[in-house]
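1. what's the 3D shape of this:
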Amino acid sequence: MSAKAAILAALALAGCAPQAAPPVPGPAATAPTGQALAAACAGRDGWSDPAPPAKIHGNTYYVGTCGITALLIDAPGGLVLIDAATAEAAPHILSNIRALGFDPADIGVLLASHEHHDHVGGLAALQLATGAPVFASAAAAAQLRSGEPEARDPQRGAIEPFNGVVVADAALRDGQTVRIAGLQLTLHATPGHTPGSTSWTWRSCEGDDCRTIAYVDSLSAVSADDYRFRDHPDYVAMMRATSAKVAALPCDILITPHPSASNLFARFAGTAPLAGPDQCRAYAADASARLDARLAKEAAAAP
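-> Here you go, the predicted structure:
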């Protein structure tokens, strides 16, 4: 039995059945531009706000919403989808994939950044629609299966659960490369925003113009109202180590799960450079400064 057949069989046992998909029109001659995406999302940043798809560079496309990134990578060995936005956004992501001329049935692997409902809430629906396996690190796999945040997650208790998925490979390691014919995606464990936070890098070429795309997970120190980071020094140390790691990543084009966190739509619009050698360093430095500010605020409020 193939991996997809096994996934679909498991979903069927769980009482899920895929719906018939509309026909795919065939590959688009010219993919929509990032400028069109930025214009369509001007003044709109809702997690489920529909957005048109856009080509980013080479084999990499934006298929998410105005407020949440989802990325499609077109490799010779099959399509890869990273992140799934909200449950409400899943049909829109599938529509975007088809609008680009791709068939969601050709998705061979589903990946994720972190295990919160705004980024993987639609993952179960996309797995059902595609039959694709989910690959994850051991730090994220249990939460992706259960749909519940991990006990150490600073936002636990303040964030909604999501529908869990079938995780086919739950043993990916930091630095491990997921190889699909014509594509190598490297996993970078970047815990902090959640304990299972994961970032990904890969090469994307347009002719001789090859860039390393870094899809770097959220680094923000966000929490439930009653959580104080200063009470968790080990967790803070982990977050600082992650920021240092992100600053050193190979990174020509930075993309983040919340496009606003990396000024992505302004870069699509051409008002800021899409690529640059310091993007990951600046992103990490900003996260470190925000963490310092959060700790200072907690210290000032302490009795």
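2. Where does the prediction get shaky in the protein?
-> Applying pLDDT under 70 to the chain flags the ranges 1-30.
3. Looking at it, which helix is longest?
-> Assignment by DSSP state H gives helix 279-301 as the longest helix of the chain.
4. what comes up buried for it?
-> Gln279, Cys280, Arg281, Tyr283, Ala284, Ala287, Ser288, Leu291, Arg294 (16 or more other Cβ atoms under 10 Å). Heads up, the C-betas are built off the backbone N, CA and C, glycines and all.
5. The first one against Pro250, yeah?
-> If I follow you right, that is Gln279. No. Between Gln279 and Pro250 there is no contact under Cβ atoms under 8 Å: 11.2 Å.
6. who touches both of these two?
-> Taking Cβ atoms under 8 Å, 6 or more residues apart in numbering as the contact rule, Gln279 and Pro250 both touch Ala214.
7. Kindly tell me how buried Ala171 is, as a neighbour count.
-> Counted with other Cβ atoms under 10 Å, the neighbours of Ala171 add up to 11.
8. Residues touching the host helix or strand of it, excluding its own?
-> Assessed by DSSP states H and E, Ala171 sits inside strand 167-172. With contacts defined as Cβ under 8 Å, 6+ apart, strand 167-172 is touched by 3, 6-7, 133-138, 141-142, 144-145, 178, 187.
9. can you pull out the strands in the stretch 201-303 of the chain?
-> In the stretch 201-303 of the chain, the strands defined using DSSP state E, counting those that start in this stretch lie at 209-215, 253-255.
10. show me what contacts Val216?
-> So Val216 contacts Thr190, Ser199, Val246, Leu249, Cys251, Leu254, Ile255, Thr256, Ser262, Cys280, Tyr283 (Cβ under 8 Å, 6+ apart).
11. Can you point out the helix or strand that includes Ala141?
-> helix 138-146.
12. Show me how far that helix is from its chain's centre.
-> Here the centre of helix 138-146 is set off from its chain's centre by 15 Å, with Cα atoms, centre = their mean, to the nearest Å.
13. Strand 167-172 and that helix, what's the angle between them?
-> 160 degrees (axes from the mean of the first three to the mean of the last three Cα atoms, to 10 degrees).
14. returning to what we had before: mean neighbour count, the strands of the stretch 201-303 of the chain: which tops it?
-> strand 253-255 (a mean of 25; mean count of other Cβ atoms under 10 Å).
15. Sheet partners, orientation included, of that one?
-> Within its sheet, strand 253-255 is paired with strand 209-215 (parallel), according to DSSP bridges.
16. Surely Leu183 is in contact with Gly77?
-> Yes. Leu183 lies in contact with Gly77 (Cβ under 8 Å); the separation is 6.6 Å.
17. Between these two, point out the one with more neighbours.
-> Taking neighbours as other Cβ under 10 Å, Leu183 and Gly77 compare with Leu183 leading, 21 against 12.
18. Apart from its neighbours in sequence, what residue is nearest the more buried one?
-> Ala75 (3.5 Å; Cβ to Cβ, 6 or more residues apart in numbering).
19. quick one: that neighbour from Thr86, how far?
-> According to Cβ to Cβ, to the nearest Å, Ala75 stands 26 Å off from Thr86.
20. Of the two, give the one with the bigger neighbour count.
-> A count of neighbours by other Cβ under 10 Å puts Thr86 above the other of Ala75 and Thr86, at 24 against 18.
21. number of nearby residues for the closest residue in space to that one that isn't next to it in sequence?
-> Spatial nearest neighbour of Thr86, chain neighbours left out: Gly121 (4.3 Å); criterion: Cβ to Cβ, 6+ apart. Neighbours of Gly121 under the rule other Cβ under 10 Å: 24.
22. Test my guess that Gly121 contacts Ala87.
-> Yes. Taking contacts as Cβ under 8 Å, Gly121 lies within contact range of Ala87: 4.3 Å.
23. any common contacting residues for the two?
-> By Cβ under 8 Å, 6+ apart, the residues touching both Gly121 and Ala87 are Phe162, Asn163.
24. Share the number of residues neighbouring the closest residue in space to Ala141 that isn't next to it in sequence, please.
-> Excluding the flanking residues, the one nearest Ala141 by Cβ to Cβ, 6+ apart is Ala170, at 3.4 Å. Neighbour count of Ala170, defined by other Cβ under 10 Å: 16.
25. Over to Pro52?
-> The number of residues packed near Pro52 is 18, by other Cβ under 10 Å.
26. Help me confirm that it is found in a strand?
-> No. In this structure, Pro52 is coil, not part of a strand, as judged by DSSP: H, G, I helix; E, B strand; the rest coil.
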